[in-house]
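**Student:** any chance you could fold what I've pasted below:
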Amino acid sequence: PLFLSLKSGKWRLLIDLREVNKRLELMGSLQPGLPNPSLILQHWNITIIDLKDCFFTIPLQDKDKVLFVFTIPEYNYGKPTQRYQWKVLPQGILNSPTLCQEFVDRALQPVRTQYPSML
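**Tutor:** Here you go, the predicted structure:
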C-alpha cells in the first residue's frame, strides 16, 4: 500500500488491486441501454443521484474478505507489521461501479414501480 498526502493535509490509502482484478470476471456494462451522454437531447429531463462513498457502504461477503488483506509495515520496522482486511467494497476493484449501480437499482426499484415515468 501507498499513502498519498492530499492538499487538505489528510492522507489517502492506495492499494494496488491489479492482481485481484486479473482474477475477476467482468460483470458487464454499468448501465446497459442508456444513451451516450453526447446523444442526450438538451430538452430531456435527467435525474442525477450523487452518492458519496457508495463503495464503502457495500459489505463484502466473509468468503471474499480474504482476497482483500493487506499489510502495512511499521515505521522503520520498529514494530511488527500490521495486517488489515477490507470489510466493504474497496475502490479500484474491476466490478465496484457495477455492484454499486446494482445496489442503487435495488433501492430505487419501489420508486420505479410506483412512478414509472419519473425514473
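**Student:** how about the longest helix seen in the chain: buried residues?
**Tutor:** Longest helix of the chain, by residue count under DSSP state H: helix 96-114. Buried residues in helix 96-114, counted by 16 or more other CB atoms under 10 Å: 96, 97, 99, 100, 101. Placement of C-beta: from N, CA and C, glycine included.
**Student:** chain center to stretch 10-25, what's the gap?
**Tutor:** Stretch 10-25 has its C-alpha centroid displaced from the chain centroid by 11 Å (CA atoms, centre = their mean, to the nearest Å).
**Student:** put the alpha carbons of that stretch into PDB.
**Tutor:** C-alpha atoms of stretch 10-25 as PDB (Å, rounded to 0.1, in the frame of the first residue of the first chain):
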ATOM      1  CA  LYS A  10      -5.100  14.400   5.100                       C
ATOM      2  CA  TRP A  11      -3.700  11.000   3.800                       C
ATOM      3  CA  ARG A  12      -5.200   8.700   1.300                       C
ATOM      4  CA  LEU A  13      -4.500   5.000   1.300                       C
ATOM      5  CA  LEU A  14      -3.900   3.400  -2.100                       C
ATOM      6  CA  ILE A  15      -3.700  -0.300  -2.600                       C
ATOM      7  CA  ASP A  16      -2.700  -2.000  -5.800                       C
ATOM      8  CA  LEU A  17      -5.600  -4.300  -6.700                       C
ATOM      9  CA  ARG A  18      -4.400  -5.300 -10.200                       C
ATOM     10  CA  GLU A  19      -3.700  -8.900  -9.200                       C
ATOM     11  CA  VAL A  20      -7.200  -9.200  -7.700                       C
ATOM     12  CA  ASN A  21      -8.800  -7.600 -10.800                       C
ATOM     13  CA  LYS A  22      -7.000 -10.100 -13.100                       C
ATOM     14  CA  ARG A  23      -8.900 -12.900 -11.300                       C
ATOM     15  CA  LEU A  24     -12.300 -11.300 -11.500                       C
ATOM     16  CA  GLU A  25     -14.800 -11.800 -14.300                       C
END
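**Student:** who touches residue 115 in this structure?
**Tutor:** Residues near residue 115 by CB atoms under 8 Å, 6 or more residues apart in numbering: none.
**Student:** alright, that wraps it up for me.
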